[in-house]
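Below are the sequence and a predicted model for it; my questions follow.
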Amino acid sequence: MIKTDSRKQTILDTALGLVRNMGFESVSIASLAKEVGMSKSGLFAHFNSKEKMHLMILDHAAQTFSDDVFRKSLKVKRGIPRLKAIVNNWLTWYKEDGGGTCPFIAAAIEYDSRPGPVKDKIQQHTNQLIKSLNKSIDLCIEQKDLSSNCDSKKMTFELYSIIIGHLIYLRTLEFKSASQLFRDAFNDWLNRYKN
């Protein structure tokens with residue numbers, strides 16, 4: 001059983017790398033089988049359908065993101081230090097781990113007007129991500145690092161938008177000063193709400 005779990009983990013890691021560089025629709029049973037050196041029928045046994053494969057890739061991406069971004073930040077003091085750690089971990093996450101783009105953004109764009117289980121899964125994981133970010137901002141308010149007059153939902157929207165904007169400037173537009181622009185925008189955002 002451990003060998004099977006390890007093999008599936010390797011397959012999902014490879015699939016996530018492909019999604020980040022080619023998008024979801026480009027990742028098929030055949031393309032993934034070729035990438036991991038398996039037969040199509042052997043790989044099909046792990047997923048049973050392309051849709052189920054995409055759902056499992058999204059679950060894997062969400063777990064990886066949660067571990068690398070939010071769980072790692074728990075070692076840091078609550079409040080602004082932890083929020084900064086989350087943001088830094090987030091930027092590192094989409095710069096590393098195979099490069100490419102954010103799998104959630106890729107999926108959101110590809111499945112935007114296509115109702116069904118994959119879009120439902122994208123919404124589920126994106127809502128969880130936003131909820132976790134909102135909780136981190138609420139902790140900053142509780143710690144009195146940020147003003148108690150702050151609207152944490154609005155702040156979450158703003159911060160999420162800054163992070164996603166950075167990704168687009170960095171990856172899509174290949175804007176050389178994207179990271180500096182992000183740092184300036186993040187610091188302005190933080191200073192606007194500091195106590």
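That came in fine, so what should we check first?

Could you count how many residues lie near Leu58?
24 (other C-beta atoms under 10 Å). In short, each C-beta sits where N, CA and C put it, glycine included.

Spatially nearest residue to it (excluding sequence neighbours)?
Here the nearest residue to Leu58 in space, its sequence neighbours aside, is Lys121; by C-beta to C-beta, 6 or more residues apart in numbering that works out to 4.8 Å.

Same check on Ile11?
Val36 is the one closest to Ile11 (C-beta to C-beta, 6+ apart), at 5.4 Å.

The one you found reaches His46, doesn't it?
No - look at Val36 against His46 with C-beta atoms under 8 Å: they stay out of range, at 9.8 Å.

Can you work out which residues contact both of these two?
The contact sets of Val36 and His46 overlap at Ile11 (C-beta atoms under 8 Å, 6 or more residues apart in numbering).

thinking again about what came up before, please settle this for me: is the residue nearest to Leu58 part of a helix?
Yes - checked against DSSP: H, G, I helix; E, B strand; the rest coil, Lys121 lies within a helix.

And it, how far from Leu173?
As for Lys121, its distance to Leu173 is 28 Å (criterion: C-beta to C-beta, to the nearest Å).

who has more neighbours, these two?
Between Lys121 and Leu173, counted using other C-beta under 10 Å, Lys121 has the larger neighbour count: 20 against 9.

Enumerate every residue touching that one.
Listed by C-beta under 8 Å, 6+ apart, the contact set of Lys121 reads Leu55, Leu58, Asp59.
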